[in-house]
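Colleague: Provide a 3D model corresponding to the input given below.
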Amino acid sequence: MKPLGPIPDGFTARDGELIVGGRTARELVAQAGDTPLFVYAKDLISARVARLRSAMPDRLAIHYAVKANPYPQVLKLLSTLVDGFDVASAGELALTGQVGIEPERVSFAGPGKRDRELEAAISAGATINLESASEARRALAIAERLGATPRLAVRVNPEFDLRGSGMKMGGGAKQFGIDVDKVPEVLDLILQSGVEWRGFHIFAGSQALDAEAVIEAQAHTLALAAKLAENAGRVLPACNLGGGFGVPYFPGDTELDVEAVGSALGERFASLPDALRDTDFCIELGRWLVGPAGVYLTRIVDRKQSHGEVFLVTDGGLHHQLAASGNFGTVVRRNYPVAIATRFGAPVEEEASVVGCLCTPLDRLADKGGFPRADVGDLVAVFQAGAYGASASPSQFLGHGPARELLI
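Modeller: Down below sits the predicted model:
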């Protein structure tokens, strides 16, 4: 029997059934009309933001990375809770506008921005995090054609990475950002053009659970930002310290100590060099803010045995939960937190694998986990589903279509 990942705090049962936002799993499915269904809990998202605010120094702004979960109702909620938004495409930029988020609260990062995307960002007044010298030249040419003053920041590819990161975004050869030794040239180019310089974006990695590793990366980031600003003879206007805060998906994972991270950052803010004395700092988080607030509900449509093994076959699968299936960046497949929602908290009675409805052996949501006995009609819950679920999975694969979504 293989262990399952840890279920996040905030989930309870009523009469043996999972409750999310005060309603049972069956009630939520009835409201949505069918399964599969993603449910995002307002109270859990709000609590995460409040905890982060309390842990971090007052000077630090909180930005939300839209890529984590672009569901419009989630964005509307977060627009009342966070200070800024970070997008990675013109599509995400347009989405923020559609839900009423002011463009001056938005920054746009990512390699391979097309001219029309640069034009959309410049026209809207969003900040562009430049990823290369050629992107800088294209942005300046577009701004000149539009007669606009662009808001430009330089994304730096640091020489360090985030130790223990599940996905390294800095250090060595990367498609992200501008190598440190090339930053002065790009900075000279944009400053001489009279743009509104919005500082640096320095993002070393993501999905880290080790507070000491995050603290170390933030210290390196501040030192690098100060050095680059001093070399330019400028007081740095703004600095995005990146994110990297992870959540516990797998057996043995533990919650990141954000209070320790915030305390260490506060101490560093108390003794900043002159180049950073007036800098606006922010962190850019997605997964940490919304991941634990989401649950994926899928219905068991068949129960079968094969060579003595039990398979619970659901109407969901990797086309909605690519990460939970082990096909989104993991090398060794491990189980996410998964439970029988309609028998939540009941004792383990059998070993079973939860699989989806797709015609591929990759479509497995839980591998030989311990569950109470479940039958056709029962609901399965996959937790940590609030980030990189619906929008990060191949929903059109084999024609089954997207899952429903609810913010409650």
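
Colleague: Could you list every helix and strand in contact with the strand ranked longest in the chain?
Modeller: When secondary structure is assigned using DSSP state E, the longest strand within the chain turns out to be strand 294-306. Taking 3 or more C-beta pairs under 8 Å, 6 or more residues apart in numbering; DSSP states H and E as contact, the helices and strands that strand 294-306 lies on are helix 25-32, strand 37-40, strand 309-314, strand 379-382. Backbone N, C-alpha and C define where each C-beta goes, glycine included.

Colleague: Give the buried residues for the one helix or strand Ala50 maps to.
Modeller: Taking DSSP states H and E as the criterion, the element that holds Ala50 is helix 42-55. Across helix 42-55, burial judged by 16 or more other C-beta atoms under 10 Å covers Leu44, Ile45, Ser46, Arg48, Val49, Leu52, Ala55.

Colleague: just to revisit the earlier point, can you list the helices and strands packed on strand 294-306 in a markdown table and add mean pLDDT, mean neighbour count and distance to Gly262?
Modeller: Formatted as a markdown table, the helices and strands packed on strand 294-306 follow (pLDDT from 0 to 100; neighbours: other C-beta atoms under 10 Å; distance: least, C-beta to C-beta, whole Å):
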| stretch | mean pLDDT | mean neighbour count | distance to Gly262 |
| --- | --- | --- | --- |
| helix 25-32 | 98 | 18 | 34 |
| strand 37-40 | 98 | 25 | 25 |
| strand 309-314 | 98 | 18 | 39 |
| strand 379-382 | 98 | 26 | 30 |
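
Colleague: Dump the ones you listed to CSV, plus distance to Pro347.
Modeller: Putting those into CSV (distance: least, C-beta to C-beta, whole Å) gives the following:
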stretch, distance to Pro347
helix 25-32, 19
strand 37-40, 25
strand 309-314, 16
strand 379-382, 17
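
Colleague: out of the ones you listed, nearest to Leu362?
Modeller: Leu362 lies closest, by C-beta to C-beta, to one member of those: strand 309-314, at 14.4 Å.

Colleague: next SSE after the closest one?
Modeller: strand 338-340.

Colleague: residue ranges for the helices of this structure, please.
Modeller: Per DSSP state H, the chain carries helices over the ranges 25-32, 42-55, 72-79, 90-98, 115-124, 133-146, 183-191, 211-232, 258-269, 287-290.

Colleague: which of those helices is buried the deepest?
Modeller: By mean neighbour count, with neighbours taken as mean count of other C-beta atoms under 10 Å, helix 287-290 ranks first of the helices of the chain at a mean of 27.

Colleague: burial measure for His347, as a count.
Modeller: Not His; residue 347 is Pro. Other residues near Pro347 number 8, with proximity taken as other C-beta atoms under 10 Å.

Colleague: Just the pLDDT for it.
Modeller: The model reports Pro347 with a pLDDT of 97.

Colleague: Tell me the spatial nearest neighbour of it, not counting adjacent residues.
Modeller: Closest residue to Pro347 apart from its sequence neighbours, by C-beta to C-beta, 6 or more residues apart in numbering: Pro372 at 6.3 Å.

Colleague: which residues does that neighbour contact?
Modeller: Ile340, Arg343, Ala346, Pro347, Val348, Glu349, Glu350 (C-beta atoms under 8 Å, 6 or more residues apart in numbering).

Colleague: Quick check on it: phi, psi?
Modeller: Taking degrees, to the nearest 10, you get phi -60, psi 160 for the backbone angles of Pro372.

Colleague: All further residue positions should be reported with the first residue as 42.
Modeller: All right, first residue 42 from here; so that's Pro413.

Colleague: Just to check, Arg92 is in contact with Leu297?
Modeller: No - contact status for Arg92 versus Leu297: not in contact, 11.2 Å apart, counting by C-beta atoms under 8 Å.

Colleague: shaky segments in the stretch 92-241 of the chain?
Modeller: Along the stretch 92-241 of the chain, the parts satisfying pLDDT under 70 run over 202-215.

Colleague: Understood, closing this out.
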